[in-house]
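Asker: How does the following fold in three dimensions:
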Amino acid sequence: MADIRKKALDVLKFLPRVNLANLRDLPHSNWRKKVRVLGHRRERNWPQKGHNQRQGFARLGFEGGTTPFYLRTPMEPYNQGHQLRRHYPPLSLGDLQLMIDTGRVDASRPIDLTTICNTFLYDIKPLYRHFGVQLTSDGIDKFKAKVNIEVQHAKEPVIAAVERNGGVITTAFYDILAVEAKINPEYFLLRGVPIPRRELPPEDAFAYYTDPKSRGYLADPKLVAEDRLKLAQKYGYELPDLTKDAAFAMLTYRKDPRQVYDGLRPGWVVNLKDRLVLRPTDEEYVRYYEG
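Answerer: Numbering: from 1, shown residues only. Below you'll find the predicted structure:
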């Protein structure tokens, strides 16, 4: 027995120090199971449970995949893409009041599409079939200005808000060529082309622009005056007398339905450099632009 112990001690003298690096299991020991590593190349074809089989639900904002829907579709261009429809980008009464308060719009002068686009706060793109301004009722409680404004579309509460302050509102139609000439007159006149003739409203919009309730520019002025009084009685405000207001003398003035610019007839060519206006003399051209 002593000899065995001596031999064991002699063997330990030549063995390395025992530590975790040289510890080994006994042969054929199965007490430690093999850990399965998911995604290993040997397990590509192994049957695994899927996301749906585990009854897992996607996170908020995800509809499958790794990209949420608000990044796949970051915007909904309501005023773009549908090339067959007419679009009227909205302009709220609150934004109009802000333009007046900051001095970008002069409320003492008539306001139209050119005036609004010159503020550089409102953008019209004829390429996207934008046909003008739609005045909306957002900020209607803050609107206190007295304006004479021409827009392309407005509903009854907006009309009442403008007329309650003693203002005048008119809805007028501009075709796509007239819109291009109206949004930037300087750029258009520098091209040296004749001023286009504004087309009449299409069939689906003709009833709107001839209706005195919508203050259409083709409506009878007498019917418009009667409807102004009816609207004031409906919303309970006193309609001011505009006949004594010299600043709003344009209420009785009506621009020709074929005109794009005030004071300039269709077919005229304006030379900004020499400050000249060239008028057509050929009878065929005069008949086309005046007809």
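Asker: Could you list the low-pLDDT ranges of the stretch 51-200 of the chain?
Answerer: 51-58, 61-62, 64, 73-83 (pLDDT under 70).
Asker: What ranges does it have for its helices?
Answerer: 69-72, 93-101, 113-117, 156-164, 176-183, 185-190 (DSSP state H, counting those that start in this stretch).
Asker: Using JSON lines, lay out those helices together with mean neighbour count and distance to Gly139.
Answerer: Backbone N, C-alpha and C define where each C-beta goes, glycine included. Output for the helices of the stretch 51-200 of the chain, formatted as JSON lines (neighbours: other Cβ atoms under 10 Å; distance: least, Cβ to Cβ, whole Å):
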{"stretch": "helix 69-72", "mean neighbour count": "10", "distance to Gly139": "27"}
{"stretch": "helix 93-101", "mean neighbour count": "19", "distance to Gly139": "2"}
{"stretch": "helix 113-117", "mean neighbour count": "19", "distance to Gly139": "15"}
{"stretch": "helix 156-164", "mean neighbour count": "20", "distance to Gly139": "10"}
{"stretch": "helix 176-183", "mean neighbour count": "20", "distance to Gly139": "23"}
{"stretch": "helix 185-190", "mean neighbour count": "14", "distance to Gly139": "28"}
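Asker: Quick one: those as TSV, columns for distance to Tyr217 too.
Answerer: Putting the helices of the stretch 51-200 of the chain into TSV (distance: least, Cβ to Cβ, whole Å) gives the following:
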stretch	distance to Tyr217
helix 69-72	42
helix 93-101	19
helix 113-117	13
helix 156-164	14
helix 176-183	13
helix 185-190	19
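Asker: out of those helices, which comes closest to Arg197?
Answerer: helix 176-183 (8.3 Å; Cβ to Cβ).
Asker: quick one: contacts of that closest one?
Answerer: Helix 176-183 has contacts (Cβ atoms under 8 Å, 6 or more residues apart in numbering) with 112-114, 117, 124, 126, 129-132, 174, 188, 195-196, 198-199, 260-261.
Asker: In CSV, list the C-alpha atoms belonging to it.
Answerer: Only the C-alpha atoms of helix 176-183 are listed here, as CSV (Å, rounded to 0.1, in the frame of the first residue of the first chain):
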residue,chain,number,x,y,z
ILE,A,176,-54.0,75.2,-66.0
LEU,A,177,-52.4,77.6,-68.5
ALA,A,178,-53.9,80.6,-66.7
VAL,A,179,-52.6,79.2,-63.4
GLU,A,180,-49.1,79.1,-64.8
ALA,A,181,-49.4,82.7,-65.9
LYS,A,182,-51.0,83.8,-62.6
ILE,A,183,-48.6,82.3,-60.0
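Asker: mind checking how far it is from the chain centre?
Answerer: Its chain's C-alpha centre and that of helix 176-183 lie 19 Å apart, by Cα atoms, centre = their mean, to the nearest Å.
Asker: hmm, back to that, whichever of the contacts of helix 176-183 end up buried, select them in PyMOL.
Answerer: With 16 or more other Cβ atoms under 10 Å as the burial test, the buried ones among the contacts of helix 176-183 are selected in PyMOL as follows:
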select buried, resi 112+113+114+117+124+126+129+130+131+132+174+188+195+196+198+260+261
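Asker: quick one: the strands in this protein?
Answerer: For the chain, the strands defined by DSSP state E cover 90-92, 134-136, 148-151, 153-154, 168-171, 269-271, 276-278.
Asker: just checking, Asp175 touches Arg197?
Answerer: No - applying Cβ atoms under 8 Å as the test, Asp175 and Arg197 come out as separate, 9.1 Å apart.
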